[in-house]
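Engineer: the amino acid sequence is not available; the structure is as follows:
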């Protein structure tokens with residue numbers, strides 16, 4: 001199993017950061033067919049090919065995504081997409 005970890009700092013209000021995290025997870029859900037739910041400041045997601053969580057805190061976002069065997073060859077592409085999306089909203 002391959003793991004993607006991305007951590008970013010941000011200067012957004014917590015509500016705004018959470019809203020942007022929601023948008024990212026909605027995109028992941030559409031792209032990889034994962035289901036997701038919030039547990040306090042952490043959104044957890046799980047599907048046939050990937051699972052993980054993203055925690056939104058004051059000043060930072062932490063994402064961990066585990067890829068199943070079938071998505072493993074696409075790790076670089078997936079990581080690049082997630083990194084780009086987070087870089088667009090974080091400073």
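Structural biologist: Perfect, I can see it now. Because the structure is predicted, anything quoted here is derived from the model rather than measured. Numbering: from 1, shown residues only.
Engineer: pull out the buried positions in the least confident helix or strand in the chain by mean pLDDT.
Structural biologist: Across the helices and strands of the chain, the lowest-confidence element by mean pLDDT, DSSP states H and E is helix 14-32, at a mean of 87. When burial is assessed from 16 or more other Cβ atoms under 10 Å, helix 14-32 yields the following buried residues: 17, 18, 20, 21, 24, 25, 28, 32. (C-beta placed from N, C-alpha, C; glycine too.)
Engineer: same for that helix, what does it pack against?
Structural biologist: Applying 3 or more Cβ pairs under 8 Å, 6 or more residues apart in numbering; DSSP states H and E, one finds that helix 14-32 makes contact with strand 35-39, strand 42-46, strand 50-57, helix 75-89.
Engineer: parallel or antiparallel, which strands does the first one pair with?
Structural biologist: Listed by DSSP bridges, the sheet partners of strand 35-39 and their directions read strand 42-46 (antiparallel).
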